[in-house]
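Colleague: just the structure for this:
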Amino acid sequence: MIYIVVITYNTMLIGEIKELKKLLEMHKLVFNFASPLNFGEKRNSLMFIHSKVYGNIRKSNPEIPSQVIIKAEQECIASYISAKSNKHKLKKPIEKKNLSMRLDKRLCSKDKKDKHSIRITTPNKRKTFKFVVYPKLQELMDKYQYKDPLIYENNGKIYISFSFENKIETLKPKIALGVDVGIRRSAATSDGRIIIDKKFNGDKRKLRRLKDNLKSKGTKSSRKHLIKLKHKEHNCNKNQTHLIANEILKTNADTIVLENLKSIKVKKNKYQNKRSISQVPLFELRRVVTYKAENQGKTVLLVSPSWTSQTDCLTGKREGERRGCRFYAKSGMIYDADINAAINIAKVSKHPVSQTLRLTYGQATVNSPIVCKSLGSPRVLQTQLL
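Modeller: Here you go, the predicted model:
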């Protein structure tokens, strides 16, 4: 089976930025003119919007290129179709606030003389703009052809987002790696790795305490500071999620098995540490692991989390007791509870499991983990069995 994975890369444009900003403002103007006309319509018809918008815009603003008008009409219809498919109840017309526009072959073209430049239609004529080339972008451009880039404005600068299509052929699953996601321990894998970053967890606790103190004050300056801290926490969590995903995918297994924790945050009065669970970006981690695994030709499976922490990975029976980070089996052996759960998660997939043999044979009890530094920010703890 062959499927297509889209890889995007953002970089900054250099040149007459005022012309591009003016172009984006024209696109925004047309979108906001067309949106109220389509609001309340049962059918999202491009022909209807085109008949209402194109002629009026050409008369009132003849300097706007015709292809920009058509692009704004298409984006307007796509926004209403997306809102309808997601079952959003719109109480007012959709308004475009940011400056952005998707380009196509009628609005841009590659510069034949310079590979690191792109020609874009402006209100005056088509002009050449250079873009900053990083090593990763150069690698993508050497391997793939980009198509329909997106230009947008951010902090007064114009950026371009290139889209590359990567065709990947999936193979039949051979080895499965189970992953158990936690709060203090970010993740534990069935092959004996425990991913944890104590420094990140400590910094996050300090940040949460600071946010609670600012909320209790309620002053104007505290609210401004609180907004900055929210952005900081979001960026830190996002960066940490990518680092954790990179560590998980450092395996020869071609199938990554995750728990389907879709409704864990909405269940009420079931968990004592509901606030701690709400701070774990479960869906974001699953999303990042999924698309990064697909880029490597691997697949991601979701399984039910039922009884994975209460089952003995050796016998497959719900025998034994979990106490914190330890699982006390009925046979008298003591396992690491998270690794035991990760092996059970992998076994649910009914594929051969990538697991630590020492843990499977259970020669004795689990000793204190050996701490070894990883390439990323999180630390990987290898379980030591005596």
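
Colleague: pLDDT score for residue 29?
Modeller: Residue 29 is assigned 96 on the pLDDT scale.

Colleague: try residue 116
Modeller: Taking residue 116 on its own, its pLDDT is 90.

Colleague: can you check residue 266 too?
Modeller: At residue 266, the model reports a pLDDT of 58.

Colleague: swap in residue 315?
Modeller: In this model, residue 315 carries a pLDDT of 87.

Colleague: quick one: buried residues of whichever strand or helix holds residue 34?
Modeller: Secondary structure from DSSP states H and E places residue 34 in helix 17-38. By 16 or more other Cβ atoms under 10 Å, the buried positions in helix 17-38 come out as 19-24, 26-35, 37-38. Yep, even glycine has a C-beta here, placed from its N, CA and C like the rest.

Colleague: stretch 286-297 too?
Modeller: Of all the residues in stretch 286-297, those buried under the rule 16+ other Cβ under 10 Å are 286, 288-290, 292-294.

Colleague: give me the contacts around that stretch.
Modeller: Contact with stretch 286-297 is made by 3, 5, 7, 166, 168-171, 179, 241-242, 245-246, 248-249, 254, 256, 258, 299-300, 302, as judged by Cβ atoms under 8 Å, 6 or more residues apart in numbering.

Colleague: again, only using 7 Å
Modeller: 5, 166, 168, 170, 241-242, 245, 248-249, 256, 258, 299-300 (Cβ atoms under 7 Å, 6 or more residues apart in numbering).

Colleague: any idea of the mean pLDDT in that stretch?
Modeller: On average, stretch 286-297 scores 89.

Colleague: please apply the same query to stretch 214-234.
Modeller: On average, stretch 214-234 scores 90.

Colleague: dump it to PDB, restricted to CA.
Modeller: Extracted in PDB, the C-alpha atoms of stretch 214-234 (Å, rounded to 0.1, in the frame of the first residue of the first chain):
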ATOM      1  CA  LEU A 214      -1.100  35.300  39.200                       C
ATOM      2  CA  LYS A 215      -4.700  34.100  38.800                       C
ATOM      3  CA  SER A 216      -5.400  34.900  42.500                       C
ATOM      4  CA  LYS A 217      -4.100  38.500  42.200                       C
ATOM      5  CA  GLY A 218      -6.400  39.500  39.400                       C
ATOM      6  CA  THR A 219      -4.600  42.700  38.500                       C
ATOM      7  CA  LYS A 220      -4.100  44.100  35.100                       C
ATOM      8  CA  SER A 221      -0.300  43.500  35.100                       C
ATOM      9  CA  SER A 222      -0.900  39.900  36.400                       C
ATOM     10  CA  ARG A 223      -3.300  39.100  33.600                       C
ATOM     11  CA  LYS A 224      -0.700  40.300  31.000                       C
ATOM     12  CA  HIS A 225       2.000  38.200  32.600                       C
ATOM     13  CA  LEU A 226      -0.400  35.300  32.700                       C
ATOM     14  CA  ILE A 227      -1.000  35.500  29.000                       C
ATOM     15  CA  LYS A 228       2.800  35.400  28.400                       C
ATOM     16  CA  LEU A 229       3.200  32.400  30.700                       C
ATOM     17  CA  LYS A 230       0.400  30.500  28.800                       C
ATOM     18  CA  HIS A 231       2.300  31.000  25.600                       C
ATOM     19  CA  LYS A 232       5.500  29.900  27.200                       C
ATOM     20  CA  GLU A 233       4.000  26.800  28.700                       C
ATOM     21  CA  HIS A 234       2.400  25.900  25.300                       C
END
